[in-house]
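just the structure for this:
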Amino acid sequence: MAINNKTTAILLVVYTVVAGVIVVAELQRFDHQPTKADGSLDILVVGDWGRRGLYNQSDVAFQMGKMGDKLDVDFIISTGDNFYDDGLTDDEDPLFVESFTEIYTADSLQKQWYSVLGNHDYRGNVLAQLSPALKKRDSKWLCLRSFIVNSGIVDFFFVDTTPFQDKYFTEEDHDYDWRGVHPREEYLSNVLKEVEMALEVSSAKWKIVIGHHTIFSAGHHGNTQELVDQLLPILEANEVDLYINGHDHCLQHISSENSQLQFLTSGGGSKAWRGEFNEWDPNQMKFYYDGQGFMTLRVTEDEMSVAFFDVFGDILHQWSTSKYTHTDS
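Next comes the predicted model:
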């Protein structure tokens, strides 16, 4: 079934144990096919950025623009915390233009942005940030809770991670907009079922999952135990290649000890430099940088590579892996 870059819904059939009941869940899917002749994809990844250009946000954006032009990027991924400190007030909030449209001005960045919500976004008007009205204000914007982007050889699974953290439901210092989340247990159950079924039916050679919160991190926030317990087993069972997140304001690469899964943090879009690092197994900790920057991702039929850049555009870390298709002679 052709999708032609329009939103559609996947009907994912989930079989429950109780009386053989069939529950049908829906997850939005977007088609974003490669435009390069060789079928490769080049993507920029940035998170934790929306501060009206402050805290070096504008400098990171400038370097992103230069790299985007060099690579002829296909699209940009935002790992959440898109607008600080408390999301958007409504779909006419000037913060949207001041922190997004007026900052990411390079021609190479006028591509589609696929964004997830972060915990700071949930402190504002969530429905405003999800509103189609924002796309009318800036056509490159797209933000949803959980969804899929199909890009030929790779499927991207975007997951709404904020409702998984227990602490946000007991905090007294901040208010969160949980419209669309309550009842919470049902919401989380559906998210996990949707992601699991989507991964199971995916025929893509590469599978990449994006969420705002860390699964593993040596940074300020550390591991997100709720995701370790609930989401990680699904990713491992379905041979996911990358889990990409923000939340910790750093750049980071941790390798899994149980599978091929790599944990990549790109949360250096603006305010960083917390000066915190938790000890980690050096065999798993491939790279950690407590500063501003962004990440590039290149995917081809047989290889996938990532690179991290600082606010000056210098390469800090590179990593690649191969997955060759074997044919019978």
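
G222 and S255, how far apart?
17 Å (C-beta to C-beta, to the nearest Å). Every residue, glycine included, has its C-beta placed from N, CA and C.

more neighbours: the two, which one.
With neighbours defined as other C-beta atoms under 10 Å, G222 and S255 compare such that S255 has more, 17 against 14.

list the beta-bridge partners for the more buried one.
Note on S255: beta-bridge partners Q262, judged by DSSP bridges.

hang on, isn't it packed against Q284?
Yes: the criterion here is C-beta atoms under 8 Å, and S255 meets it with Q284 at 5.0 Å.

buried set for the helix or strand E186 falls within?
Using DSSP states H and E, E186 falls within helix 184-201. Going by neighbour count (16 or more other C-beta atoms under 10 Å), the buried part of helix 184-201 is Y187, L188, N190, V191, L192, K193, E194, V195, E196, M197, A198, L199.

give me the distance between the two termini of stretch 73-85.
Chord length of stretch 73-85, first to last residue, is 29 Å (C-alpha to C-alpha, to the nearest Å).

for stretch 47-65, that is, sorry about that
Stretch 47-65 end-to-end distance (C-alpha to C-alpha) = 15 Å.

list the buried residues in that stretch.
Residues of stretch 47-65 classed as buried: 47-53, 55-65 (neighbour count, 16+ other C-beta under 10 Å).

quick one: mean pLDDT over it.
The average pLDDT within stretch 47-65 is 98.

do stretch 230-238 as well
pLDDT averaged over stretch 230-238 gives 98.

same deal with stretch 128-147?
98.

try stretch 81-93
The average pLDDT for stretch 81-93 rounds to 98.

show me how far that stretch is from its chain's centre.
Averaging C-alpha positions (C-alpha atoms, centre = their mean, to the nearest Å) puts stretch 81-93 18 Å from its chain's average.

adding distance to L261 and pLDDT, write the buried residues of helix 184-201 out as TSV.
Formatted as TSV, these follow (distance: C-beta to C-beta, whole Å; pLDDT from 0 to 100):
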residue	distance to L261	pLDDT
Y187	25	98
L188	21	98
N190	23	97
V191	19	98
L192	17	98
K193	20	97
E194	19	97
V195	14	97
E196	15	97
M197	19	96
A198	17	97
L199	12	97
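
so of the residues you listed, which two are at opposite extremes in space?
Greatest spatial distance in the buried residues of helix 184-201: Y187 and L199, 18.9 Å, computed using C-beta to C-beta.

tell me the SS of D155?
Using DSSP: H, G, I helix; E, B strand; the rest coil, the three-state assignment for D155 comes out as strand.

what's the closest non-adjacent residue to D175?
In this structure, D175 finds its nearest non-sequential neighbour in R123, 6.7 Å apart by C-beta to C-beta, 6 or more residues apart in numbering.

now swap in E196 and tell me
Nearest to E196 is I234, by C-beta to C-beta, 6+ apart, at 4.9 Å.

contact partners of the host helix or strand of W319?
For W319, the host element (DSSP H and E) is strand 315-322. The set of residues external to strand 315-322 that reach it, using C-beta atoms under 8 Å, 6 or more residues apart in numbering, is 241, 251, 253, 260, 262, 286-287, 289, 293, 302-310.

now those: which count as buried?
241, 251, 253, 262, 286-287, 289, 293, 304, 306-310.
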